[in-house]
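pasted the sequence and its predicted model underneath.
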Amino acid sequence: MNALIVIDVQQSFLHRPYFRDEELPAFLAKLQSLIDRCRRREIPVLQIFHQDESQGPSGAFSRHSGWVATLPQLDIDPAAVFYKQVHSAMFGRSSTGETLEQWLRAHGVEHVIVSGIRTEQCCETTARHAYDLGFEVTYAIDATLTFPMTTRAGRSVSTAELREHTELVLADRFAKVMPAEAVSI
């Protein structure tokens, strides 16, 4: 059985200094199409939110900020919701304390499709972790979003370079990496 994992597609990112919206519409269109395809096939869609209280109640990822909420452009209606404080969604917990891994195993899921924000961080970490736990992993590369980064040496790294690196390190090792429209549901 398959499940779609939607990681950190939340309003918190709109309040971070590195946020860029140039790629947001295309990302949301690819992700929404993937969600809709899963719904039609009755594949569970699981939503993960990142929470971090280290910057106090007004921090972008604080549960008190009001920004740990789905981006308004996305129609998701998840089968279950999990909250995490680390990069891997596999450690996410539901309101009852069940981990994402426990939920997947209890529902007979053997194959996960990874999507969300940020490509090279929480999405990539989740793909590696899920693979190490024995799940088959598909990484929907264009249904992930990231933002440009700057190296310590001052070199700017584009979103295209970050996606290319993620594909390089995951493909044929930890996941099948492909465009969302090519994902078998």
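Looks like it came in fine. Residues are numbered from 1 along each chain as shown.

now do the helices in this protein.
Secondary structure of the chain (DSSP state H): helices at 24-40, 100-106, 124-132, 159-170.

for the chain, which strand is longest?
Determined from DSSP state E, the single longest strand within the chain is strand 136-145.

what comes up buried for stretch 105-113?
Residues of stretch 105-113 classed as buried under the neighbour-count rule (16 or more other Cβ atoms under 10 Å) are Val109, His111, Val112, Ile113. C-beta coordinates here come from the backbone N, C-alpha and C atoms, glycine included.

now stretch 92-101
Gly92, Arg93, Thr99, Leu100, Glu101.

which two of those residues have the greatest separation?
For the buried residues of stretch 92-101, the maximum inter-member distance is 10.2 Å, found between Arg93 and Glu101 (Cβ to Cβ).

in the sheet, who's paired with Thr99?
Beta-bridge pairing for Thr99 (DSSP bridges): Arg93.

residue contacts, Phe174?
Residues near Phe174 by Cβ atoms under 8 Å, 6 or more residues apart in numbering: Ala127, Arg128, Tyr131, Val137.

who wins for neighbours among those residues?
Among the contacts of Phe174, Ala127 has the most neighbours (other Cβ atoms under 10 Å), with 31 neighbours.

does that residue touch Gly116 like I think?
No. Assessed by Cβ atoms under 8 Å, Ala127 is found out of contact with Gly116, at 10.6 Å.

picking up where we left off before, what's the most distant pair in the contacts of Phe174?
Most distant of the contacts of Phe174, by Cβ to Cβ, are Arg128 and Val137, 8.4 Å apart.
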